[in-house]
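Enquirer: Just to be clear, the model below is a prediction. Sequence and coordinates:
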Amino acid sequence: MDREPAIPEEIRQIAAQCRHYAMCKIDFLETGLCPPGEARPYVSFFPQGRMDLCDGLAKGIIPLTEAAAEIISSCNLCGRCDKQCHFVTGMRPMRVMAALKEYLDVYLRQGRKVVKIEEDERLRALRKIVGKEWASNDPAVLFTYANDPFPLASIRMPRYVALPEKRDEIVRMIQWAGDSGVPYIVRGNGGSVFGFVFTDGLVIDLNRMKGIEIDPDNWLARVEPGVTSFELQKKAAARGLRVNTAEPAATVCGNIVCTGTFSTWANVYGVGADNFVDMEFVNSRGDVFRLNDKSSPNVFSFEHAVLPSPGICTSASVKMHPTTNDEEGILVPFPSFSQAVSFARDLSRRRIGLAVGVLGGHYLSTFMSPSAELAGRIRPVLEEALGIEYMVFVVGDSYARSAIAGMVPAVIDNRLFRILMLGLPRLAHRQWEEFLRGFETDRYPYEILFKEEMIPFLEAILSPSPETFAEAVDEDLWEFYARLYRRSHMTDLVWLNMFRIISSRMSRNKHMFAFLIYVPLNRMDVIQHIVDEFKRIGDRHSISNDYGFLTPLDLGKRGILEYDYYIDHTDPSESVKIAKAMIEIEPMLDGLSASVKGVKSLKYIFSQGCSRKESWLYT
Ligand SMILES: Cc1cc2nc3c(=O)[nH]c(=O)nc-3n(C[C@H](O)[C@H](O)[C@H](O)COP(=O)(O)OP(=O)(O)OC[C@H]3O[C@@H](n4cnc5c(N)ncnc54)[C@H](O)[C@@H]3O)c2cc1C
Ligand code: SF4
């Protein structure tokens with residue numbers, strides 16, 4: 001017999017780098033979704049699942065089963081995943097998809113047997129509940145539900161995966177799990193990447209439950225648990241409304257339950273219980289309850305402990321907010337962190353603006369750049385040549401905009417932002433330093449460059465256009481990026497922040513391990529101490545690390561701070577480093593939390609996201 005076909009190691013390594021942020025499960029670039037994924041919404045049929053499948057086959061963890069053959073042959077090499085994944089991570093998964101097809105071809109040509117997995121009794125019972133097509137015990141499917149890049153957990157193969165379509169199917173599955181002693185876990189899009197959605201038993205994947213009902217008179221959207229933030233925001237925006245959402249591929253229900261959905265909009269729309277009017281759950285006995293029922297468990301309270309969630313959320317009535325047609329996104333540059341934080345706090349307590357966040361050089365350069373290489377070149381230009389260490393991002397109406405213009409010496413409004421972004425490849429030249437040195441002045445370079453009268457000069461030098469912008473990507477993607485950036489919303493700061501399609505670029509170089517801490521915003525000393533400690537500990541363990549963002553909450557009394565560690569999740573030595581760093585980080589945060597009011601790590605809020613924010617911000 002011929003030598004067994006093999007997937008090249010180079011291809012396996014690309015596949016193993018999949019970040020699992022589920023961005024290929026939403027149509028954020030209007031390319032259309034992966035067609036087989038859309039038709040069969042198991043993660044296994046989406047590009048993300050195919051990447052795992054490739055890794056599992058190449059390592060010999062799973063055999064070539066019937067489901068593997070079906071998944072691989074359903075790919076039509078349309079290339080949509082290449083564009084979506086490149087936009088976020090810079091990776092080109094098409095090589096993986098093509099290699100999988102080649103592998104299957106050779107395998108079948110050699111007359112090898114495709115492994116058939118027999119249905120067992122439990123699977124039969126599950127299929128009676130959800131239908132034959134929607135439950136599986138095939139290892140090729142199971143493997144795509146077995147891990148994420150979280151460095152402190154390893155592969156955990158479930159025995160079954162099932163995709164219910166209705167609440168009553170969930171109820172019956174929970175009762176079945178109780179009777180048969182099979183543990184279960186519920187999964188939205190698996191984008192928490194904290195090892196939360198894995199089990200040795202049954203994974204309940206909610207991706208077939210996609211109903212959205214808009215009730216405009218009551219400012220509500222009722223969503224089923226498979227609806228993503230992106231999908232809901234699209235529906236809301238079509239009516240001139242907005243929902244407080246965070247990551248676009250996160251399910252709305254999963255995000256509320258898991259983290260309470262914090263975002264830059266949390267400044268005005270809040271977090272936790274502020275997000276919804278009511279939610280429906282199925283508890284671990286299979287009973288259905290609504291949070292607004294008097295007899296329901298009190299999930300609005302908070303306990304300083306790692307707790308399980310109240311159950312499976314089967315629908316949420318989420319608040320929708322009005323917008324005005326003069327909203328604009330602006331960026332306010334600052335030379336230091338403390339000045340930026342103080343300004344953000346001031347905006348919040350004066351009730352100026354809607355979304356507010358303090359961003360640092362890493363996020364700014366990475367979010368704006370279509371490639372890692374350009375992000376690497378633009379950051380020193382921002383920081384060293386232009387003197388911008390931090391920027392406060394604000395979405396506000398025209399009144400907020402004029403108030404802010406009167407508070408600071410320089411502002412990047414949306415028109416200037418568009419010029420800078422579309423001219424980014426030309427902005428990334430160090431000659432700015434020399435040019436700006438020519439202005440003998442005690443003002444910061446950005447104060448000079450971002451004056452209104454400099455706009456014609458900037459336009460002449462940067463040649464901002466979708467074509468200029470596209471120069472920064474691989475040549476075969478030029479046309480695609482140029483077409484993409486002809487759409488004005490791709491440079492509209494309000495749209496970009498509502499739909500957040502660029503935030504997961506933060507992990508373009510490596511997967512992020514994010515720390516989120518609620519902080520008292522009037523205690524700059526505490527905030528700076530936390531940032532310094534994260535840096536010191538990260539550096540000590542040779543972990544790439546950087547400041548993430550900070551958003552004010554509740555009229556500037558509190559805020560939420562993100563600091564990120566970046567790791568190659570495929571390198572076991574990086575997990576060791578994280579584990580060692582955690583030994584120092586946890587007592588540091590617990591100690592601060594015990595001694596300073598308002599310091600609370602998100603770790604204790606996970607699964608208590610329905611609680612009132614007051615019960616963790618002020619206790
Ligand atoms: C790049 C990146 C940036 C992020 N930024 C933010 C941010 O700014 N703000 C923020 O809030 N989060 C953020 N997150 C975290 C992430 O979006 C949330 O954890 C979100 O819950 C993921 O949604 P999901 O549907 O993929 O949930 P999953 O990962 O599938 O599930 C998360 C948890 O919720 C449970 N769960 C899921 N659905 C339900 C349900 N219907 N009922 C009960 N429990 C359920 C799961 O069992 C699991 O414990 C970020 C994540 C990434 C990758
Ligand atoms: S190339 Fe294959 S995996 Fe990628 S989007 Fe098209 S069908 Fe899906």
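Expert: Alright, I've got the coordinates. Numbers count the residues shown, from 1 in each chain. Ligands and ions are numbered 1, 2, ... in the order given.
Enquirer: contact partners of the top helix by length along the chain?
Expert: The residue-count maximum for a helix in the chain (DSSP state H) belongs to helix 572-595. Applying Cβ atoms under 8 Å, 6 or more residues apart in numbering, the contact partners of helix 572-595 are 151-152, 304, 513, 515, 517, 526, 529-530, 533-534, 537-538, 540-543, 565, 567-569, 599-601, 603. Where C-beta positions appear, they are placed from N, C-alpha and C, glycine not excepted.
Enquirer: Keep only those of those that are in helices.
Expert: Going by DSSP H, the helices hold 526, 529-530, 533-534, 537-538, 540 from the contacts of helix 572-595.
Enquirer: Among those residues, name the buried ones.
Expert: Listed as buried from the ones in helices among the contacts of helix 572-595 are 526, 530, 533-534, 537-538; burial here means 16 or more other Cβ atoms under 10 Å.
Enquirer: which residues of the protein score low on pLDDT?
Expert: 1, 430, 440 (pLDDT under 70).
Enquirer: Quick one: name the residues of it near ligand 2.
Expert: 34-36, 47, 50, 75-81, 94, 97 (Cβ under 6 Å from any ligand atom).
Enquirer: so how far is ligand 1 from residue 515?
Expert: 12 Å (Cβ to the nearest ligand atom, to the nearest Å).
Enquirer: quick one, what contacts that residue?
Expert: 534, 562-565, 585, 589, 601-602.
Enquirer: Format those residues as JSON lines; extra columns: distance to ligand 1.
Expert: Formatted as JSON lines, the contacts of residue 515 follow (distance: Cβ to the nearest ligand atom, whole Å):
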{"residue": "534", "distance to ligand 1": "17"}
{"residue": "562", "distance to ligand 1": "7"}
{"residue": "563", "distance to ligand 1": "13"}
{"residue": "564", "distance to ligand 1": "9"}
{"residue": "565", "distance to ligand 1": "13"}
{"residue": "585", "distance to ligand 1": "18"}
{"residue": "589", "distance to ligand 1": "18"}
{"residue": "601", "distance to ligand 1": "14"}
{"residue": "602", "distance to ligand 1": "9"}
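Enquirer: quick revisit: identify, from the buried ones among the ones in helices among the contacts of helix 572-595, the entry nearest to ligand 2.
Expert: residue 538 (35.1 Å; Cβ to the nearest ligand atom).
Enquirer: isn't that closest one right next to residue 544, touching?
Expert: Yes - using Cβ atoms under 8 Å, residue 538 is in contact with residue 544, at 7.4 Å.
Enquirer: And the longest helix of the chain, what's buried?
Expert: 574-575, 577-578, 581-582, 585, 588-589, 592-593.
Enquirer: how far is that helix from where the chain is centred?
Expert: 23 Å (Cα atoms, centre = their mean, to the nearest Å).
Enquirer: Run through the residues that contact the residue sitting nearest the centre point of the chain.
Expert: Taking Cα atoms, centre = their mean as the criterion, residue 247 is the residue nearest the geometric centre of the chain, at 4.0 Å. Contact analysis of residue 247 by Cβ under 8 Å, 6+ apart lists 21, 191, 229, 255, 500, 503-504.
Enquirer: Would you mind trimming these to those in range of ligand 1?
Expert: Answer for those near ligand 1 (Cβ under 6 Å from any ligand atom): 21, 191, 255, 503-504.
Enquirer: Just the closest of those to ligand 1, please.
Expert: Among the ones next to ligand 1 among the contacts of residue 247, and counting by Cβ to the nearest ligand atom, the member closest to ligand 1 is residue 191, at 3.1 Å.
Enquirer: I figured that closest one hits residue 258, correct?
Expert: No - at 9.4 Å, residue 191 does not count as touching residue 258 under the criterion of Cβ under 8 Å.
Enquirer: more neighbours, those two?
Expert: Taking neighbours as other Cβ atoms under 10 Å, residue 191 and residue 258 compare with residue 191 leading, 28 against 23.
Enquirer: What separation do you get for that one and ligand 2?
Expert: For residue 191, the distance to ligand 2 - Cβ to the nearest ligand atom - is 18 Å.
Enquirer: Now do the SS call for that residue.
Expert: Following DSSP: H, G, I helix; E, B strand; the rest coil, the label given to residue 191 is coil.
Enquirer: quick one, what contacts it?
Expert: 20-22, 247, 249-250.
Enquirer: follow-up on the earlier one: the residue nearest to the centre of the chain: what secondary structure?
Expert: coil.
Enquirer: Residue 562 now?
Expert: From three-state DSSP, the assignment for residue 562 is strand.
Enquirer: can you tell me the residue of the chain closest to ligand 1?
Expert: Closest point on the chain to ligand 1, by Cβ to the nearest ligand atom, is residue 188, at 2.2 Å.
Enquirer: Wait, that residue touches residue 259, no?
Expert: No - with contact defined as Cβ under 8 Å, residue 188 does not count as touching residue 259 (11.6 Å).
Enquirer: give me the number of residues near the residue of the stretch 501-619 of the chain found nearest ligand 2?
Expert: Going by Cβ to the nearest ligand atom, ligand 2 is nearest to residue 501 of the stretch 501-619 of the chain, at 17.0 Å. The number of residues packed near residue 501 is 24, by other Cβ under 10 Å.
Enquirer: Not including adjacent chain positions, what is the nearest residue to it?
Expert: residue 28 (4.5 Å; Cβ to Cβ, 6 or more residues apart in numbering).
Enquirer: Now for residue 494: which residues touch it?
Expert: Residue 494 touches 327-329, 395, 414, counting by Cβ under 8 Å, 6+ apart.
Enquirer: same thing with residue 432?
Expert: Contacts of residue 432 (Cβ under 8 Å, 6+ apart): 381, 385-386, 445, 449.
Enquirer: how near is the residue nearest to residue 160 when sequence neighbours are not counted to ligand 2?
Expert: The shortest distance from residue 160 to any non-neighbouring residue, by Cβ to Cβ, 6+ apart, is to residue 202 (4.7 Å). For residue 202, the distance to ligand 2 equals 26 Å [Cβ to the nearest ligand atom].
Enquirer: Strands along the stretch 251-400 of the chain, start to end?
Expert: 276-282, 288-290, 312-322, 328-334, 356-360, 390-396 (DSSP state E, counting those that start in this stretch).
Enquirer: any chance of those in a markdown table, plus distance to residue 196?
Expert: Shown next, in a markdown table, are those (distance: least, Cβ to Cβ, whole Å):
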| stretch | distance to residue 196 |
| --- | --- |
| strand 276-282 | 17 |
| strand 288-290 | 22 |
| strand 312-322 | 13 |
| strand 328-334 | 32 |
| strand 356-360 | 25 |
| strand 390-396 | 29 |
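Enquirer: can you tell which of the ones you listed is closest to residue 347?
Expert: With Cβ to Cβ, the closest approach to residue 347 among those belongs to strand 356-360: 5.4 Å.
Enquirer: same for the closest one, what does it pack against?
Expert: Strand 356-360 sits against helix 337-349, strand 390-396, strand 544-553, with contacts defined as 3 or more Cβ pairs under 8 Å, 6 or more residues apart in numbering; DSSP states H and E.
Enquirer: what's the most buried one of those?
Expert: strand 390-396 (a mean of 26; mean count of other Cβ atoms under 10 Å).
Enquirer: Report the contact partners of the residue in the stretch 151-300 of the chain that ligand 2 sits nearest to.
Expert: The nearest approach of the stretch 151-300 of the chain to ligand 2 comes at residue 249, 15.1 Å away (Cβ to the nearest ligand atom). Contacts for residue 249 (Cβ under 8 Å, 6+ apart) come out as 21-23, 25-26, 189, 191, 228-230.
Enquirer: Residue 312 bridge partners, please.
Expert: residue 282 (DSSP bridges).
Enquirer: isn't it right up against residue 174?
Expert: Yes - counting by Cβ under 8 Å, residue 312 does reach residue 174; the two are 7.3 Å apart.
Enquirer: shared neighbours, these two?
Expert: residue 282.
Enquirer: Could you tell me the phi and psi values at the residue nearest to residue 160?
Expert: phi -110, psi 130 (degrees, to the nearest 10).
Enquirer: quick one, what contacts it?
Expert: 126, 158-162, 173, 177, 182-185.
Enquirer: Cool, thanks, signing off.
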